[in-house]
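Visitor: Pasting a predicted model and its sequence here:
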Amino acid sequence: MQVQGLLLLLALILLAATAEAGKNKKEKVKKDGSECEDWRWGPCVPNSKDCGLGYREGTCKDESKKLKCKIPCNWKKKFGADCKYKFESWGGCSAQTGVKTRSGILKKALYNAQCEEIVYVTKPCSSKIKAKSKAKKGKGKD
């Protein structure tokens with residue numbers, strides 16, 4: 001009988017501790033406090049050089065904020081990191097220019113960025129000829 005009472009007491013203590021931990025987590029969530037809904041965000045400005053961690057400034061009426069942001073260092077596109085595009089496959093190589101082209105259609109503009117609807121990118125044609133994959137071996141023994 002005493003063992004059951006002890007187990008019940010232990011279960012109640014565990015339940016109370018879990019509830020208190022959940023309450024503390026809820027209190028730690030920061031609220032913005034701003035009721036403004038029409039925020040205008042600028043581009044992500046890296047802290048140094050042209051990529052990496054940085055910040056983005058936003059304004060709404062008389063309020064202003066800074067948000068942390070990041071520009072990947074392999075992202076050197078002229079249309080910016082806030083414009084996301086869906087690209088089609090690379091076209092054939094142009095013999096006259098030595099480059100191939102593909103286009104991208106705007107998929108998403110982050111932070112109300114001013115993005116072009118369609119962009120075109122080019123890259124030099126590969127001078128290497130890709131080797132064909134080796135023939136597959138048959139299953140089982142012949």
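Guide: Right, received. Where do you want to start? Numbers count the residues shown, from 1 in each chain.
Visitor: Tell me, how many residues neighbour G54?
Guide: When neighbours are defined as other CB atoms under 10 Å, G54 has 19 of them. Just so you know, the C-beta spots here come from the backbone N, C-alpha and C atoms, and that holds for glycine as well.
Visitor: Could you check which helix or strand contains it?
Guide: When elements are assigned from DSSP states H and E, G54 belongs to strand 52-60.
Visitor: I13 too?
Guide: In the assignment (DSSP H and E), I13 maps to helix 2-28.
Visitor: Moving C-terminal from that helix, which element do we reach first?
Guide: strand 40-41.
Visitor: Identify all contacting residues around that next one.
Guide: Contact partners of strand 40-41, identified using CB atoms under 8 Å, 6 or more residues apart in numbering, comprise R56, E57, G58, T59, C60, L67, Y111, N112, A113.
Visitor: Would you mind giving those as a markdown table with neighbour count and distance to A95 added?
Guide: Conversion of those to a markdown table gives the following (neighbours: other CB atoms under 10 Å; distance: CB to CB, whole Å):
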| residue | neighbour count | distance to A95 |
| --- | --- | --- |
| R56 | 17 | 43 |
| E57 | 14 | 47 |
| G58 | 16 | 48 |
| T59 | 14 | 51 |
| C60 | 15 | 53 |
| L67 | 13 | 47 |
| Y111 | 15 | 42 |
| N112 | 13 | 42 |
| A113 | 18 | 37 |
